[in-house]
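*Asks:* How does the following fold in three dimensions:
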Amino acid sequence: MGIMRLRLAFALLTMSWISPLGAQPQEEAAQKPEQESFTHHIYIDYDFIWTIEMVGKTPVVNIITFGEGEWPLRPNQIRIYNQQGKRAKVEKFSMETGAEPYVTPSFRVLGSSFIAIDLIGDFEDFSKPARIAIDLGRHRYELEPIEPLAFETLAQQINKINYDSPDIKEDYAILKIEHKGKRRLRPRRHR
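*Replies:* The predicted structure is shown next:
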C-alpha cells in the first residue's frame, strides 16, 4: 500500500517524463546506520531524489530531478547488494503505461521530471538490501537505508514540495527536508 501512495502522490507531481534493531546503546546505533538493512533506501539533494522500495521481490525506483540535463541509464548502473555483498543482476526496466508495461533495456532520465520504474532481474536474496548505489552521469549516488515508517513520513514531506518553485532550497528548508545519502564522483573503469 505504501508504494502505491508514493507512486500516486509522485504521479500527481509529474512535470514531464523520460524517453526511449536489536537493542543497542543509542550512541552506538547512531554511528552505524549503514549497517542496518531495510526494504527502503533514499537519496535526497537539491538536484535529485532517488527512492528504492523493495515490493516483494521487485525493486521499485522513483526518480525526481530538479535541474536541467539528460542522462542515459542502463541496468548495470543500478547497484544493489545483499547482506553477503553479492550484487543483484538488474536486467531491464519496466514502466507502467496504463495498459501493458513498457519494458526497456535503457532510457534517458530528463531534467525537471519524475518517473517510477520497476527493475527486472534476479532479486531472490535481496528483500532487504544492505547497500544501493546508482551511477548517473559523472556521479555515483549512494542511497541511505531508511525505516519504512520514516520513509512514509519523508514521502509525505516530499509530496509537499512546490516543483515549480524558483528556489527549491527554500521549500526544503520550510518542509525540513534534509539531504540523505552521498554523492561521489563515479569511479573510472580501468582498461
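*Asks:* Quick check: what element follows the helix or strand of the chain with the lowest mean pLDDT along the chain?
*Replies:* For the chain, counting by mean pLDDT, DSSP states H and E, helix 26-31 ranks last in confidence among helices and strands (a mean of 38). Beyond helix 26-31 on the C-terminal side, the first helix or strand identified by DSSP states H and E is strand 40-44.
*Asks:* packing partners for that following strand?
*Replies:* strand 48-55, strand 139-146, helix 148-158 (3 or more C-beta pairs under 8 Å, 6 or more residues apart in numbering; DSSP states H and E). Backbone N, C-alpha and C define where each C-beta goes, glycine included.
*Asks:* got the angle between the last one and strand 40-44?
*Replies:* Right, the one you point to is helix 148-158. Taking axes from the mean of the first three to the mean of the last three C-alpha atoms, to 10 degrees, one finds helix 148-158 and strand 40-44 inclined to each other by 30 degrees.
*Asks:* now do the second one
*Replies:* When the same axes, to 10 degrees is applied, the directions of strand 139-146 and strand 40-44 differ by 130 degrees.
*Asks:* how about strand 139-146 as PDB, C-alpha atoms only?
*Replies:* Presented in PDB, the C-alpha positions along strand 139-146 are these (Å, rounded to 0.1, in the frame of the first residue of the first chain):
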ATOM      1  CA  HIS A 139      28.300  10.700 -10.200                       C
ATOM      2  CA  ARG A 140      27.500   7.700  -8.000                       C
ATOM      3  CA  TYR A 141      24.600   8.200  -5.700                       C
ATOM      4  CA  GLU A 142      24.700   6.100  -2.600                       C
ATOM      5  CA  LEU A 143      21.300   5.700  -1.200                       C
ATOM      6  CA  GLU A 144      20.700   5.700   2.600                       C
ATOM      7  CA  PRO A 145      18.700   2.800   4.200                       C
ATOM      8  CA  ILE A 146      15.600   4.100   6.000                       C
END
